[in-house]
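Q: Sequence and predicted structure are below.
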Amino acid sequence: MILMPKIVVDTGEVYAATEAASLIGIGYATLYRWIKNGTLISIKLAGRTLIPKTEVDRIKKERAATAAAAALSDSHEIRAGAHSGGDKKK
């Protein structure tokens, strides 16, 4: 049994699934896959899937941090390649 964290949500602070997907920058199918595998917490209310604003904010921050780390890693690789002395002519 998977235990989900308890959350308290102000219903004024939720997004419809399509709006949440757009704000996060992912497709609708990806959003539902993330809900199914537990990456994203959703609320079912009257047959609608709602995403708390806190979840959208959390995912956006995680994606921004991952992108920043990848950019930093890429810049280190580029610098390392420039200093390797790769194509010296003799």
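A: Right, received. Where do you want to start?

Q: if you count residues, which strand in the protein comes out on top?
A: Using DSSP state E, we find that the single longest strand of the chain is strand 48-52.

Q: Now that one: average pLDDT?
A: When pLDDT is averaged over strand 48-52, the result is 94.

Q: try stretch 27-43
A: Averaged across stretch 27-43, pLDDT comes to 96.

Q: And the closest residue to Tyr15 other than its chain neighbours, how far from Ala17?
A: Nearest residue to Tyr15, sequence neighbours excluded (CB to CB, 6 or more residues apart in numbering): Ile51, at 4.9 Å. Any C-beta I mention is one placed from the backbone N, CA and C, and that applies to glycine too. Distance check for Ile51 against Ala17: by CB to CB, to the nearest Å, it reads 6 Å.

Q: Same question for Leu3.
A: Using CB to CB, we find Leu3 at a distance of 23 Å from Ala17.

Q: For the two, indicate the residue with more neighbours.
A: Ala17 (17 against 5; other CB atoms under 10 Å).

Q: residues in contact with the nearest residue to the more buried one once chain neighbours are set aside?
A: Excluding the flanking residues, the one nearest Ala17 by CB to CB, 6+ apart is Thr49, at 4.6 Å. Contact partners of Thr49, counting by CB atoms under 8 Å, 6 or more residues apart in numbering, are Ala16, Ala17, Tyr32, Ile35, Ser42, Ile43.

Q: so which helix or strand takes in the closest residue in space to Ile24 that isn't next to it in sequence?
A: The spatial neighbour of Ile24 that comes closest, neighbours along the chain excluded (CB to CB, 6+ apart), is Ile59 at 5.3 Å. Here Ile59 is covered by helix 53-82, with elements defined by DSSP states H and E.
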